[in-house]
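In: Need the 3D shape of this:
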Amino acid sequence: MKRLIFVSALSLFSFAAFSQDDAVSKALVDGFRKEKEKSDKDVTDPKASAKASFWMERAKLYENIASQASGVDSSAAKTAMEAYKKVVELDVTKKGEPGKSSKEATSALTAGEGTQLFNAFVKQGAEKYQAKNLNGALEMFTLAQDINKKDTLASLYGGIAAQQLDKKEEAKKSFEAYAANGGKDPSVFYGLAQLYRAENNFDKAIETLNTGLKQAPNNKDLKAEIVNILLASGKEDKAIQELEALAQSDPKNTQNLVNLAILYDNMQRTANDSIKQMSSKMGTGNKSAAAMTKNLESEKGKIEVYDGEVKRISGLIKKQPKNADLKRQLADVNAKKKETLEAIAKMEGEVSAAKASAASSDNAGMEKQLADLKAKQADASSKAMTNYKKVLEIDAANYDALYNLGVFYFNEAVILKGEVDNMNMTEYQAKGKEIEGRVCGKFKKAKPYFEKAIQAKDEAEAKETLGIVNGVLEQFASKNVACVEE
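Out: Residues are numbered from 1 along each chain as shown. As a prediction, the model looks like this:
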């Protein structure tokens, strides 16, 4: 899966507030080291560690280390958090209510006004990210989110770190928090949608993109990705609606027009394939009935033969009434005639059923479906052509439009040639030459588009197809077929 890159992420690590310890005076660092050593030692002192005041001092010390001298302790913010929690635990009045220090600590743990613990976590998370310690960075950004649940900064960068670690669930959780808290960066919504798309959760992906569009209504990437996801989820008609809207709002955007043309082109090709399948299925039913009728007539022809044999053998028996062999022959012929009559009766029923099936309501329904498919194919074909030409009106050297238009006419030629290939000699003599002229015309119409496509971009696919077109046109020329362009 493509990694999400945020340009804005770079700014996080360029803030002066997030500079490394080389900008901090040595005296300050040394002072923090000494205070840290003393505090760490006093943690093991039962008297000191029993006082809320000790933990408050320790919390503020580590908070300052995190904010001003991370080189002393790269995870100082975590120690500060634990110390503040200890203050809340110890500073309780006789009535069981929070004391003054407890309230101050609670404020720090919930990002109250004027507190710095949240910023300390974000800073140390950024530093770990810079040092490529992504797991450490993610931990810091996650804890920062726990402190300030309404923030967008920590959720943004926590999501980035999680995604780079391929921790998809954590990435989604962070990006969702970013969105819920009013984050506006379109790339976050795009990246979150990609995470859902990778799970085939297309509805959630589109919902995410639409949420992003509320924050950035004119963002082209979010709009285009909605189309891509609709296509990936098989909702081609909806994708076309979205692209039509994009093309209308931004009529000079050739990529939208190319994509729209390609969608209509694909739609007409799919419809054409369905037309072939349905026509074949309907034709099979009619051919089956015709073949069965032919077999029936052949079987009926046997009766005449048997009747002739019965007449001949009966005449011989009259002359030789005691001839046992003749009597046996007559019995065999009558038995075969009886079997044939039974077979004819069965075949007549089958022929009748086959004819009824060919003319049934199901077949009538297929005729309606076939008509609808042909209308859909014609409409999609017209719209594909219109949009390809719109692209070329804006950019006459657009490779995609040129190549696809060439393919469009090439495929029309192939389909038309299929009609000629399926003709018998009588049909070919009647109209084969005329259709071959139209086939030649389609190939001739495709040729300049491939030539211009090659001029726009030297691609092998265009050159190979142009070679095929030239070869076909040479064959038509050798057969003296006149190309008829429609």
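In: what ranges do the helices span in the stretch 251-400 of the chain?
Out: For the stretch 251-400 of the chain, applying DSSP state H, counting those that start in this stretch gives helices covering 254-319, 324-358, 361-394, 399-421.
In: Rebuild those as CSV, extending it with mean neighbour count, mean pLDDT and distance to residue 154.
Out: Where C-beta positions appear, they are placed from N, C-alpha and C, glycine not excepted. Converted to CSV, these look like this (neighbours: other C-beta atoms under 10 Å; pLDDT from 0 to 100; distance: least, C-beta to C-beta, whole Å):
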stretch, mean neighbour count, mean pLDDT, distance to residue 154
helix 254-319, 16, 77, 36
helix 324-358, 14, 79, 70
helix 361-394, 15, 84, 45
helix 399-421, 19, 89, 43
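In: Quick one: residues contacting residue 113.
Out: residue 107 (C-beta atoms under 8 Å, 6 or more residues apart in numbering).
In: distance between the ends of stretch 475-486?
Out: End-to-end distance of stretch 475-486 (C-alpha to C-alpha, to the nearest Å): 20 Å.
In: Need the contact partners of that stretch.
Out: 433-434, 436-445, 473.
In: To residue 141, which of the helices of the stretch 251-400 of the chain lies closest?
Out: Smallest distance to residue 141 across the helices of the stretch 251-400 of the chain (C-beta to C-beta): 35.8 Å, for helix 254-319.
In: got the buried residues for stretch 226-242?
Out: Buried positions in stretch 226-242, judged by neighbour count with 16 or more other C-beta atoms under 10 Å: 226-231, 233, 235, 239-240, 242.
In: Among those, which ones are in strands?
Out: Among these, none falls in strands (DSSP state E).
In: In helices only, show me the residues you listed.
Out: Among the buried residues of stretch 226-242, DSSP state H puts 226-231, 239-240, 242 in helices.
In: related to what we said a few turns ago, let's have the buried residues of stretch 226-242 in a markdown table, adding distance to residue 167 and pLDDT.
Out: A markdown table is the format used below for the buried residues of stretch 226-242 (distance: C-beta to C-beta, whole Å; pLDDT from 0 to 100):
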| residue | distance to residue 167 | pLDDT |
| --- | --- | --- |
| 226 | 26 | 87 |
| 227 | 29 | 84 |
| 228 | 25 | 84 |
| 229 | 23 | 89 |
| 230 | 28 | 85 |
| 231 | 28 | 82 |
| 233 | 25 | 85 |
| 235 | 30 | 85 |
| 239 | 31 | 84 |
| 240 | 36 | 87 |
| 242 | 32 | 85 |
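In: Output the residues you listed as CSV; include the columns distance to residue 310.
Out: Shown next, in CSV, are those (distance: C-beta to C-beta, whole Å):
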residue, distance to residue 310
226, 81
227, 78
228, 78
229, 78
230, 75
231, 73
233, 72
235, 71
239, 74
240, 72
242, 79
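In: List just the nearest of these to residue 383.
Out: Closest to residue 383, out of all of these and judged by C-beta to C-beta, is residue 240, at 8.9 Å.
In: Settle this for me: the closest one is touching residue 262, isn't it.
Out: No - Residue 240 is beyond contact range of residue 262, at 10.5 Å (criterion: C-beta atoms under 8 Å).
In: ok, the residue lying closest to residue 159 once chain neighbours are set aside - how many residues close by?
Out: Leaving aside its chain neighbours, residue 159 sits nearest to residue 174 (3.5 Å; criterion: C-beta to C-beta, 6 or more residues apart in numbering). By the measure other C-beta atoms under 10 Å, the count of residues near residue 174 is 27.
In: okay but residue 247 is in contact with residue 260, surely?
Out: Yes - counting by C-beta under 8 Å, residue 260 is a contact partner of residue 247 at 5.6 Å.
In: and for those two, which residues touch both?
Out: With C-beta under 8 Å, 6+ apart, residue 247 and residue 260 have common neighbours residue 387.
In: which secondary structure element contains residue 166?
Out: For residue 166, there is no helix or strand it lies in under DSSP states H and E.
In: Please apply the same query to the one 3 residues further on.
Out: Residue 169 is part of helix 168-180, with elements assigned from DSSP H and E.
In: now the following helix or strand past that helix and helix 168-180, what's the angle there?
Out: Scanning forward in sequence from helix 168-180 by DSSP H and E, the next helix or strand is helix 186-198. Angle of helix 186-198 versus helix 168-180, following axes from the mean of the first three to the mean of the last three C-alpha atoms, to 10 degrees, is 140 degrees.
In: picking that back up, mind putting the helices of the stretch 251-400 of the chain into TSV with distance to residue 221?
Out: What follows is the helices of the stretch 251-400 of the chain, written out as TSV (distance: least, C-beta to C-beta, whole Å):
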stretch	distance to residue 221
helix 254-319	11
helix 324-358	54
helix 361-394	20
helix 399-421	19
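In: now for the ones you listed, which one comes closest to residue 63?
Out: Closest among those, using C-beta to C-beta: helix 254-319, at 50.9 Å.
In: how far off helix 399-421 does the closest one point, in degrees?
Out: 10 degrees.
In: got a list of what the residue most central in space within the chain touches?
Out: Central residue of the chain (C-alpha atoms, centre = their mean): residue 232, 2.1 Å from the mean position. Contact partners of residue 232, counting by C-beta under 8 Å, 6+ apart, are 197, 202.
In: hang on, isn't residue 145 packed against residue 152?
Out: No - the criterion here is C-beta under 8 Å, and residue 145 misses it with residue 152 at 9.9 Å.
In: Between these two, which has more neighbouring residues?
Out: Neighbours were counted for residue 145 and for residue 152 using other C-beta under 10 Å; residue 145 has more, 26 against 19.
In: nearest residue to residue 452 other than its sequence neighbours?
Out: For residue 452, the closest residue by C-beta to C-beta, 6+ apart turns out to be residue 402, at 4.9 Å.
In: ok so, going back, of all the contacts of stretch 475-486, the one with the weakest confidence?
Out: Lowest pLDDT of the contacts of stretch 475-486: residue 433, 88.
In: measure it to residue 460 for me?
Out: Distance of residue 433 to residue 460, given as C-beta to C-beta, to the nearest Å: 35 Å.
In: Compare these two (neighbour count), which wins?
Out: Comparing residue 433 with residue 460 by neighbour count (other C-beta under 10 Å), the higher total belongs to residue 433, at 14 against 8.
In: Now do the same contact list for the more buried one.
Out: Contacts of residue 433 (C-beta under 8 Å, 6+ apart): residue 481.
In: Next, the buried residues of stretch 461-476.
Out: Quick answer for stretch 461-476 (16+ other C-beta under 10 Å): 462, 465-466, 469, 472-473, 476.
In: quick one: which of the residues you listed is nearest residue 38?
Out: When those are compared against residue 38 (criterion: C-beta to C-beta), the nearest one is residue 462, at 76.6 Å.
In: and the angle for the host helix or strand of the closest one with helix 399-421?
Out: According to DSSP H and E, residue 462 maps onto helix 460-478. Angle, helix 460-478 to helix 399-421, by the same axes, to 10 degrees: 40 degrees.
In: which helices and strands does whichever strand or helix holds residue 211 pack with?
Out: If you go by DSSP H and E, residue 211 is part of helix 202-215. Using 3 or more C-beta pairs under 8 Å, 6 or more residues apart in numbering; DSSP states H and E, the elements in contact with helix 202-215 are helix 168-180, helix 186-198, helix 220-232.
In: what's the most buried one of these?
Out: helix 186-198 (a mean of 22; mean count of other C-beta atoms under 10 Å).
In: now the angle from that helix to helix 202-215?
Out: Using the same axes, to 10 degrees: helix 186-198 against helix 202-215 is 170 degrees.
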